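>>> After the sequence you'll find the predicted model.
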Amino acid sequence: MGLLDLVTIGDKVIGNADYIEIHKRGLRHRSVNIWAVNANGELAVAERSGNQDVSAHKYHVSAGGHNRLGQSYKWAMFDQLQDELFHGQSLPEDPVINEIARYQNDTRPTNNENTVLYLFNSSGPFNLNPQETSQIFWKSVDEINDDLTDNHDNYTNTFRKAFHEYCEFLESD
């Protein structure tokens, strides 16, 4: 992954460090998460690939990842869409994408992130990166809520936090 920006809780850049060092020491850095939502209001739930070092085979946001050194949240979001949902193909023309939340995504003692959550209006078709995602499937908010109650451990911590933020967004809309 290389170098990432180190940031304060207020998102001020205070330096940089290598991805491995950041996660070894639990240093704060930046990330993006994206929910793809279809015309029925269903979210695209991603199953993480077995190639993932963390949370392999768990359910995750549609796409997401770290901001590279000096990269804005917006460009990190486009990079993640390109890498994870439109792997090896062009992004759709004039996509409808909105920022819906900013929050601290502190999912483990060694993962402390300032995260921006985006909503991407798209039903696909997607071309998944098999290194990142093994499958995508559509679920309604109610289906996710029910499944989270019964199968909490099937979902990443990042999924649960991003889903909470999405539900907060829906309530405020």
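Cool, the structure landed. Numbering: from 1, shown residues only.

>>> list the helices and strands the biggest strand by length in the chain packs on?
The longest strand of the chain (DSSP state E) is strand 96-108. The contact analysis (3 or more C-beta pairs under 8 Å, 6 or more residues apart in numbering; DSSP states H and E) places strand 96-108 against strand 28-37, strand 111-121, helix 157-172. Just so you know, the C-beta spots here come from the backbone N, C-alpha and C atoms, and that holds for glycine as well.

>>> Trp138 is nearest to which of these?
strand 28-37 (9.0 Å; C-beta to C-beta).

>>> could you check the angle strand 96-108 makes with the closest one?
With axes from the mean of the first three to the mean of the last three C-alpha atoms, to 10 degrees applied, the angle from strand 28-37 to strand 96-108 works out at 130 degrees.

>>> and strand 28-37, what's its mean pLDDT?
For strand 28-37, mean pLDDT is 98.

>>> Would you mind listing the outside residues contacting the helix or strand just after it?
Using DSSP states H and E, the helix or strand that follows strand 28-37 towards the C-terminus is strand 43-48. For strand 43-48, contacts defined as C-beta atoms under 8 Å, 6 or more residues apart in numbering pick out 35-38, 55-63, 84-85, 124, 126, 132-141, 144, 156, 159, 163, 166.

>>> out of these, which are buried?
Buried members of these, scored by 16 or more other C-beta atoms under 10 Å, are 35-37, 55, 58-63, 84-85, 126, 132-134, 136, 138, 144, 156, 159, 163, 166.
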